[in-house]
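Visitor: Quick one, what's the 3D model for this:
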Amino acid sequence: MSTSKSLSTIYRQEYLAFQNAKYRCTNPDNNSYENYGGRGIEFRFSSFAEFFAEVGSRPSPEHSIDRFPDNDGHYEKGNVRWATIHQQLNNRRAPQKRTQPEILTPLLVDLRTAAQMLSVSVCEMRKLTRSRKIRYVKHGKKWLVSPDELRQFVSRELSRSAI
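Guide: Numbering: from 1, shown residues only. The predicted model follows:
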């Protein structure tokens with residue numbers, strides 16, 4: 001082994017793992033930042049030599065860096081290892097529950113009512129729909145208006161009547 005070559009040149013795959021883990025934690029432009037640095041996970045190795053001393057050579061192409069035993073912990077001494085995909089699948093956080101968006105049926109109204117709901121003139125309403133700033137579907141002489149717009153209209157009307 002030549003002494004003129006650096007560790008990062010000799011251990012290219014290990015160096016790529018080092019850099020990728022570091023960028024996931026420190027670079028907001030990285031696609032994975034939200035799941036790492038964005039969650040507060042830090043990369044605490046100050047150099048590739050320090051990282052390499054902790055994890056050693058990659059055992060096989062099937063191995064990648066894993067935070068273990070604390071998957072919510074930082075990339076630091078005592079919490080990193082080379083792991084297979086099967087080991088990593090057993091060491092991941094629980095999936096986040098996703099809430100389903102509320103599905104509401106649009107309201108069928110005439111142009112004048114739609115304009116009134118949005119507090120604009122009928123002429124302005126036509127301009128808004130032509131410029132696609134308001135979504136609508138024309139159904140004969142009636143319009144389908146979104147429930148959010150209806151909610152805003154109803155709350156506005158209720159506040160006016162309370163005065």
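Visitor: Mind telling me what element Ile41 is part of?
Guide: Using DSSP states H and E, Ile41 maps to neither a helix nor a strand.
Visitor: thought it was touching Cys25?
Guide: Yes: if you go by Cβ atoms under 8 Å, Ile41 and Cys25 touch, sitting 5.6 Å apart. Placement of C-beta: from N, CA and C, glycine included.
Visitor: Spit out the residues that contact those two alike.
Guide: Tyr75 (Cβ atoms under 8 Å, 6 or more residues apart in numbering).
Visitor: residue ranges with poor pLDDT in the chain?
Guide: Applying pLDDT under 70 to the chain flags residues 1-9, 93-111, 114, 117-118, 125, 127-163.
Visitor: any idea where the helices of this protein begin and end?
Guide: Per DSSP state H, the chain carries helices over the ranges 7-10, 12-26, 48-55, 85-89, 111-117, 122-130, 147-161.
Visitor: Can you give me the buried ones in stretch 38-55?
Guide: Within stretch 38-55, the residues that count as buried by 16 or more other Cβ atoms under 10 Å are Ile41, Phe43, Arg44, Phe45, Phe48, Phe51, Phe52, Val55.
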